[in-house]
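**Student:** Whatever this is, show me its structure:
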Amino acid sequence: MKFELNFLPDNASDEDLFEEIRRVDQIVNKQFLSTRDFDKHSKIHSATLRRRFGTWKDVLTKAGLSKKYSGPAEISEKVRKKHSRHLTDEQILDELRRIAKLVGRNQILTDDLHKYSKIIGPKILTSRFGSWRAGVEQAGLEASKLGRRWTDDEYFENLLNVWTHYGRQPLYQEMNMPPSEITNQGYRSRFGSWRKALESFAFKMNQEEVPTAEQTLQKEEQKPQIREEIKRHSVSVEDRRSIPLGLRYKVLSRDKFKCVRCGASPATDPTCKLHIDHILPFSKGGKTTLENLQTLCENCNLGKGNRHSE
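**Tutor:** Next up is the predicted model:
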């Protein structure tokens, strides 16, 4: 099963892009088509379209949807900076606490300020308190993990967690929201662009392609001597308890990112945590193969214990 991404290439023709805009407009079905709604459903990011055609109004006009433009939806950083000049430090910290209460968590992200505050933005915190982290901590909120250094494997692991949370390929802006622990800017800095990050992730998934039992049997029949030689020097994936990232994705994708027993999914229940489980327990001889793995939620997995699934 080959891993494939869901987006249009940057070099797609103008007509293909206009067709995509009209397709998304029909899905959204609102009086106005905002960049936020467009990015949620589209196979190409609105920023790519703006780089090619100009403003978002220009994009919609060239696609024949000029009436769908409603003007900028967000307050600019320049306007926020003007408002913040007259605010005391404590008023800025109170605004952070207000937003934290509004979003229902003790951790503030930059996207939260853009979305919910009319008076402060990320740059204002940096200029007033020295850094984003210092301002957040002074407000008594939890400092985000989004500033630390990560390995490539941790970038891929985080992307898989977010993919599992939504049950689909995550959007660029969703990487700035929980459960992601790495910002979209982090992916851009590491891989060059969000698209390249996704392509690297796809390459990783396909690189870790684990053969099915039928494919393994065919290889053993074709090259038994080579197979035996490899076994002498290494332990195959199917004989390890740990499950490679690529195989984990394939199990989750096959099971539609839901618990196969109760149907629970992080996409509908944010408290749901999915585990990849050996159907025949590893301790009883079960192999780490696609056929012997299943997706279970935490409750069902703990309830199963070391018993063989019926």
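**Student:** can you give me the offset of stretch 37-46 from its chain's centre?
**Tutor:** How far stretch 37-46 lies from its chain's middle: 14 Å, per CA atoms, centre = their mean, to the nearest Å.
**Student:** Show me what counts as buried in stretch 9-23.
**Tutor:** For stretch 9-23, the neighbour count (16 or more other CB atoms under 10 Å) marks 12, 17-18, 20-21 as buried. In short, each C-beta sits where N, CA and C put it, glycine included.
**Student:** which one of these sits closest to T35?
**Tutor:** I21 (11.2 Å; CB to CB).
**Student:** Surely that closest one is within a strand?
**Tutor:** No. With DSSP: H, G, I helix; E, B strand; the rest coil as the criterion, I21 is assigned helix and is not in a strand.
**Student:** show me the contacts for it.
**Tutor:** Shown in contact with I21 (CB atoms under 8 Å, 6 or more residues apart in numbering): 33, 38, 42, 49, 59-60, 63, 65.
**Student:** is it possible to export the buried residues of stretch 9-23 to TSV including distance to G286 and pLDDT?
**Tutor:** Listed next are the buried residues of stretch 9-23 as TSV, based on distance: CB to CB, whole Å; pLDDT from 0 to 100:
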residue	distance to G286	pLDDT
A12	45	82
L17	48	91
F18	52	92
E20	45	91
I21	49	92
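**Student:** bridging residues for T295?
**Tutor:** T295 forms beta bridges with I276, as assigned by DSSP bridges.
**Student:** And it, how far from I182?
**Tutor:** According to CB to CB, to the nearest Å, T295 stands 24 Å off from I182.
**Student:** ditto for C259
**Tutor:** Distance check for C259 against I182: by CB to CB, it reads 26 Å.
**Student:** I figured R240 hits K287, correct?
**Tutor:** No. The criterion here is CB atoms under 8 Å, and R240 misses it with K287 at 9.5 Å.
**Student:** which SS state does L96 fall under?
**Tutor:** Look at L96: counting by three-state DSSP, its state is helix.
**Student:** low-confidence ranges in this structure?
**Tutor:** 1-4, 10, 71-84, 111, 143-149, 208-236, 304-310 (pLDDT under 70).
**Student:** Now do the domain split for it, please.
**Tutor:** 14-68, 77-138, 152-207, 237-310 (automatic domain parsing).
**Student:** end to end, how far does the third one reach?
**Tutor:** In other words, domain 152-207. End-to-end distance of domain 152-207: 14 Å, with CA to CA, to the nearest Å as the criterion.
**Student:** That domain: how far from the chain's middle?
**Tutor:** Using CA atoms, centre = their mean, the offset of domain 152-207 from its chain centre is 5 Å.
**Student:** go on, the first one?
**Tutor:** Centroid displacement of domain 14-68 relative to its chain, using CA atoms, centre = their mean, is 22 Å.
**Student:** i'd like the first residue to be 30 from this point on
**Tutor:** Sure thing, new numbering starts at 30, so read that last one as domain 43-97.
**Student:** if we can go back for a sec, ok, R269 and K316, which is more surrounded?
**Tutor:** The neighbour comparison of R269 against K316 (other CB atoms under 10 Å) goes to K316, with 19 against 12.
**Student:** how about the residue nearest to that one when sequence neighbours are not counted, secondary structure?
**Tutor:** Take K316 and drop its neighbours on the chain: the residue closest to it by CB to CB, 6 or more residues apart in numbering is E267, 4.4 Å away. Classification of E267 using three-state DSSP returns helix.
**Student:** From what I see, E267 and T318 are in contact.
**Tutor:** Yes. Taking CB under 8 Å as the definition, E267 is a contact partner of T318 at 5.0 Å.
**Student:** how close does V191 sit to N40?
**Tutor:** Remark: distance between V191 and N40 (CB to CB) = 27 Å.
**Student:** quick one: contacts for D141?
**Tutor:** D141 touches 128, 132, counting by CB under 8 Å, 6+ apart.
**Student:** What distance do you get for it to D118?
**Tutor:** Distance from D141 to D118, counting by CB to CB: 19 Å.
**Student:** mind listing what V53 touches?
**Tutor:** By CB under 8 Å, 6+ apart, the contact set of V53 is 62, 66-67, 70-71.
**Student:** would a markdown table of these with neighbour count be doable?
**Tutor:** Below are the contacts of V53 laid out as a markdown table (neighbours: other CB atoms under 10 Å):
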| residue | neighbour count |
| --- | --- |
| L62 | 24 |
| D66 | 18 |
| F67 | 23 |
| H70 | 14 |
| S71 | 23 |
